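> sequence? don't have it. structure:
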């Protein structure tokens, strides 16, 4: 029994070049067909495959370069954004300090204004209180004087008779006349 590889290497088994026929020996024909197909593919496909690989390599390199460019632009934008953020933070701190100072100043002004207003109101209240006290004292004095005069008149009327009353009136008239002469 012959081996399939023996028949492949043996030249006596091969039919002559002038004849055409089918070789049914699978082990003998497949390696030949495969080697021919692979050889043709390598010979003709080498340039195409090389071009495909070069194109793929160039696309990958372009993609990497674009990515690097985009990353660089993103880093620049990030640095600019950070710089703007720092600037805004500084401005916010300054604004916060200025506004805090302004609020503190306005607070002091408001406190001073309220203090002044309270002093003015207290002075007005004290003046009103003094005025009311003086008015009440005057009213009490008038009432006491009126009561004293009424009491004195009541006592005088009960104690004086008509003759004593006329004599008191005449003495008082004489005193008033003497005072008039002194003033003239």
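Arrived safely. None of the values given here were measured: they were computed from a predicted structure.

> mind listing the helices for the protein?
4-9, 26-159, 162-183 (DSSP state H).

> distance of the one residue sitting closest to the centre of the chain from residue 86?
Among the residues of the chain, the one closest to the centroid is residue 92, at 9.6 Å (C-alpha atoms, centre = their mean). From residue 92 over to residue 86 the distance is 11 Å, taken as C-beta to C-beta, to the nearest Å. Just so you know, the C-beta spots here come from the backbone N, C-alpha and C atoms, and that holds for glycine as well.

> pLDDT score assigned to residue 155?
Looking at residue 155, its pLDDT is 79.

> so how many other residues sit close to it?
Using other C-beta atoms under 10 Å, the number of residues around residue 155 comes to 10.

> Likewise for residue 165?
Other residues near residue 165 come to 13 when the count uses other C-beta under 10 Å.

> OK, contacts around the residue nearest to the centre of the chain?
Not one residue lies near residue 92 by C-beta atoms under 8 Å, 6 or more residues apart in numbering.

> From residue 83, how far out is it?
Counting by C-beta to C-beta, the gap between residue 92 and residue 83 amounts to 15 Å.

> for residue 182, same thing?
Noted for residue 182: a distance of 104 Å to residue 83, by C-beta to C-beta.

> ok, those two, which is more surrounded?
Here residue 182 and residue 83 are set side by side on neighbour count (other C-beta under 10 Å), and the busier one is residue 83, at 10 against 7.
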